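Q: I'll drop the sequence and a predicted model, then ask my questions.
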Amino acid sequence: GQGAWRSGPINVILNGGPVPRRRTGHNEEPRCSRVRLQTGYLVPLAPGLGVTPLRSAPGFKPTGLLIDLDGTLIDQESRMAARVEHAVRLAAQRVPVAIASGREPDDVARFARLLGLTHPQIADNGARIIDPVTGATVHERPMPEGDARRIVQQLGQERLRYYAVDAGRVARAIAEFTEWRVTVIAAHAVTRGVCQRLLATLSAGEAQGVASTDAGGGYWYANFTRKGVSKGYGAREFARMTGAALSGIVAVGDSENDLPMFAEVGMPVAMGHARPEVKAAARAVVAPLGEDGLAEAIERFVLTPPGR
């Protein structure tokens, strides 16, 4: 999922209500005590297996965790369930954990810091890897300037809103570009039809496009990066930087831009509200966002010992 046009406070929910907050430096962190963990099941997608619950994947040893942001970690109001936060924090004590998002680097770093994550994080739909502690870029793959200018000019002619990341800074109008070292351009397509048209007409040269939605699944984005760059590319860079074997990485997502990431890792897991094509590409499906599906995936595939 995606929701880059939103900013503001991050809310954490505990048993259906907000939790008290305490200030720590520049950020506000929730006081999360006595988090109630619930039991859920993973449903295998293989034909003929019905709805047999999977406690874990026998023989699977987790080496890392990649988490989509909008629609997986947070909802449309940037709220994160306490059970989810607790599970992510526990996972980070065992394996390298990263957010993998189409959002801009500052947003990714903000949520990573909230969760206490310290390993490289994936922003700009895989085109930028950042250090969440300092916010600095440690790897980037910008598209050629000519492709970036062509896409931005066309979006401007159609009067479509967009955001782009140029040399690590967000630009929302052509006058705001300074270096034309553009890693991602995300157009607010609104509807799936407009999104598909933009992807078909603007994916050319060395630029490629992929669709994504907001946390609610009803608002569409057309995301453009350099050809060959995606969340899958980001997953490979994450594995290279952390030493995590791709075959042991758990990746959880809900949108079409998560598909390249799913193709790279050993345990792709789709959220219960994901579109059919996303579920079809996953090894397992968990509960939807509103039922803490991410926590369920972590509890089953990262926190549960192999074979149990």
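A: Now that the structure is in, tell me what you want to look at.

Q: now for the closest residue to Arg149 other than its chain neighbours: which residues touch it?
A: The shortest distance from Arg149 to any residue other than its chain neighbours is 6.9 Å, reached at Trp180 (CB to CB, 6 or more residues apart in numbering). No exception for glycine: its C-beta is placed from N, CA and C like everyone else's. Taking CB atoms under 8 Å, 6 or more residues apart in numbering as the criterion, Trp180 is in contact with 145, 148-149, 166.

Q: so which elements touch the helix or strand encompassing Arg240?
A: Using DSSP states H and E, Arg240 falls within helix 231-242. Counting contacts by 3 or more CB pairs under 8 Å, 6 or more residues apart in numbering; DSSP states H and E, helix 231-242 packs against strand 64-67, strand 121-123, strand 128-130, strand 137-140, strand 249-253, helix 259-264.

Q: contact partners of that helix?
A: For helix 231-242, with CB under 8 Å, 6+ apart as the criterion, the contacting residues are 64, 66, 96, 98, 100, 102, 119-120, 122, 125-127, 129, 138-139, 141, 244-246, 249, 251, 253, 257-258, 260-261, 263-265.

Q: and the pLDDT for Glu179?
A: Glu179 is assigned 97 on the pLDDT scale.

Q: quick one: it is in a strand?
A: No. The assignment for Glu179, made by DSSP: H, G, I helix; E, B strand; the rest coil, is coil rather than a strand.

Q: could you count how many residues lie near it?
A: The criterion is other CB atoms under 10 Å. On that basis, Glu179 has 12 neighbouring residues.

Q: now do Arg169
A: If we define neighbours as other CB under 10 Å, then Arg169 has 15 of them.

Q: what about the closest residue to it other than its chain neighbours, how many residues nearby?
A: If the residues on either side of it in the chain are set aside, Arg169 comes closest to Thr178, at 7.5 Å by CB to CB, 6+ apart. Using other CB under 10 Å, Thr178 has 10 neighbouring residues.

Q: residues contacting Thr178?
A: For Thr178, the set of contacting residues under the criterion of CB under 8 Å, 6+ apart consists of 166-167, 169, 171.

Q: just the buried ones from these?
A: With neighbours counted by 16 or more other CB atoms under 10 Å, those contain buried members at 166, 171.

Q: next, give me the two most distant ones among the contacts of Thr178.
A: The most widely separated members of the contacts of Thr178 are Ala167 and Ala171, with 9.3 Å between them, by CB to CB.

Q: any figure for the gap between the spatially most central residue of the chain and Ala211?
A: Most central in the chain under CA atoms, centre = their mean is Asp68, positioned 2.2 Å from the mean C-alpha point. Asp68 sits 14 Å away from Ala211 when distances are taken as CB to CB, to the nearest Å.

Q: got phi/psi on Val165?
A: Note on Val165: its backbone torsions stand at phi -120, psi 110 [degrees, to the nearest 10].

Q: quick one, what contacts it?
A: With contacts defined as CB under 8 Å, 6+ apart, the neighbours of Val165 are 104-105, 123-124, 127-128, 171, 182-184.

Q: quick one: the helices in this structure?
A: In the chain, the helices defined using DSSP state H lie at 82-92, 105-114, 145-157, 192-202, 231-242, 259-264, 276-280, 293-301.

Q: rewinding a little: mind putting the contacts of Val165 in JSON lines, pLDDT included?
A: Putting those into JSON lines (pLDDT from 0 to 100) gives the following:
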{"residue": "Glu104", "pLDDT": "95"}
{"residue": "Pro105", "pLDDT": "97"}
{"residue": "Ala123", "pLDDT": "98"}
{"residue": "Asp124", "pLDDT": "97"}
{"residue": "Ala127", "pLDDT": "98"}
{"residue": "Arg128", "pLDDT": "98"}
{"residue": "Ala171", "pLDDT": "97"}
{"residue": "Val182", "pLDDT": "98"}
{"residue": "Thr183", "pLDDT": "98"}
{"residue": "Val184", "pLDDT": "98"}
